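Novice: compute the structure for the input listed below.
(one chain, ligands or ions: 1)
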Amino acid sequence: MVGPASPVAFEALRADALGCVRCPLSAGRTQVVFGVGDPHAALMFVGEGPGREEDLAGEPFVGRSGKLLDRLMQEELSMDRSRCYIANVVKCRPPENRDPLPDEIAACRPYLESQIELIDPRVVVTLGNFAARLLLETTDGIRSLRGRAYRFRGGHLVPTYHPAFALRSGGQVVAEMRADLIRAKRLLAAGPGAGPAALERGPR
Ligand code: URA
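Specialist: Just a heads-up that it's a prediction; the model follows:
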């Protein structure tokens, strides 16, 4: 049986993704950016898609957005990226960093879904509109979605802004991201059975 975080299943999934040609983004990539971190992690971040630096490095969030994410993770969760798992909605870089197209998201979706199934995180933090909309199956925007947690699989999902948006927007958005990460931290501490209070809007 293939259980959660089975190393064999996870490596098979990675190997499959590294050879993927399911959508046209594959033609323009330098590397598939599958994900990074601990496949047994209780906390998983999901971003949008690799940019230029990630495409070259083969690792998510290594550019300026990633530096902000690393800093907030350290300051609010006291952890570095080796203790969580970080993946994206699409695993190959969209040209000129444009938004991923619906067909590209649909083609890549099984990889993200399998990652979530195998890692089986207790808390998923989505970064920006694309990950939140995909995983919550909504068309609502991040401004209205964030500020609370949602039940997700057996655990919780906490939507927050994309760090690139926070870099462009400055203090207030960064402060809201911090509040979202504190929400995620409380949920991690509360364990899988966290009740309705965990879903309420806390400090914004
Ligand atoms: N933005 C994302 O959404 N993901 C990355 O990996 C890098 C930048």
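Novice: kindly check the end-to-end length of stretch 118-137 for me.
Specialist: Start and end residues of stretch 118-137 are separated by 20 Å (C-alpha to C-alpha, to the nearest Å).
Novice: rounded mean pLDDT for it, please.
Specialist: For stretch 118-137, mean pLDDT is 97.
Novice: and the one helix or strand D70 maps to, what does it pack onto?
Specialist: Here D70 sits within helix 64-77, counting by DSSP states H and E. Here helix 64-77 touches strand 43-47, helix 163-169, helix 171-190, going by 3 or more C-beta pairs under 8 Å, 6 or more residues apart in numbering; DSSP states H and E. Bear in mind the C-beta positions are built from the backbone N, C-alpha and C, glycine included.
Novice: measure T30 to R98 for me?
Specialist: Per C-beta to C-beta, to the nearest Å, T30 is found 17 Å from R98.
Novice: residue ranges in this protein under the pLDDT threshold?
Specialist: 1-5, 192-204 (pLDDT under 70).
Novice: if we can go back for a sec, now do the helix holding D70: distance to the chain's middle.
Specialist: 13 Å (C-alpha atoms, centre = their mean, to the nearest Å).
Novice: contacting residues around that helix?
Specialist: With contacts defined as C-beta atoms under 8 Å, 6 or more residues apart in numbering, helix 64-77 is touched by 43, 45, 47, 51, 54, 60-61, 79-81, 84, 86, 127, 162-164, 166-167, 174, 177-178, 181-182, 184-185.
Novice: which of the residues you listed are buried, as a PyMOL select command?
Specialist: PyMOL command restricting those to the buried ones, with burial defined by 16 or more other C-beta atoms under 10 Å:
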select buried, resi 43+45+47+51+54+60+61+81+84+86+127+162+163+164+166+174+177+178+181+184+185
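Novice: ok, the residue most central in space within the chain - contacts?
Specialist: The residue lying closest to the centre of the chain (C-alpha atoms, centre = their mean) is V46, at 0.8 Å. Contact partners of V46, counting by C-beta under 8 Å, 6+ apart, are I86, A87, N88, V89, L112, V124, V125, T126, L127, A131, L135.
Novice: just the buried ones among those residues, please.
Specialist: Buried among the contacts of V46 (16+ other C-beta under 10 Å): I86, A87, N88, V89, L112, V124, V125, T126, L127, A131, L135.
Novice: and T30 and R98? Which one has more around it.
Specialist: Counted by other C-beta atoms under 10 Å, T30 and R98 do not tie: T30 has more neighbours, with 14 against 9.
Novice: show me what from this protein comes close to the ligand.
Specialist: G47, E48, G49, P50, G51, E54, P60, F61, S65, N88 (C-beta under 6 Å from any ligand atom).
Novice: and for the residue nearest to the fifth one when sequence neighbours are not counted, the neighbour number?
Specialist: Translated: G51. Counting by C-beta to C-beta, 6 or more residues apart in numbering, the nearest residue to G51 once its immediate chain neighbours are dropped is N97, at 5.2 Å. For N97, the tally of surrounding residues (other C-beta under 10 Å) stands at 13.
Novice: list the buried residues in the host helix or strand of E113.
Specialist: Element membership of E113, judged by DSSP H and E, is helix 102-119. For helix 102-119, the neighbour count (16+ other C-beta under 10 Å) marks E104, I105, A107, C108, Y111, L112, S114, Q115, I116, L118, I119 as buried.
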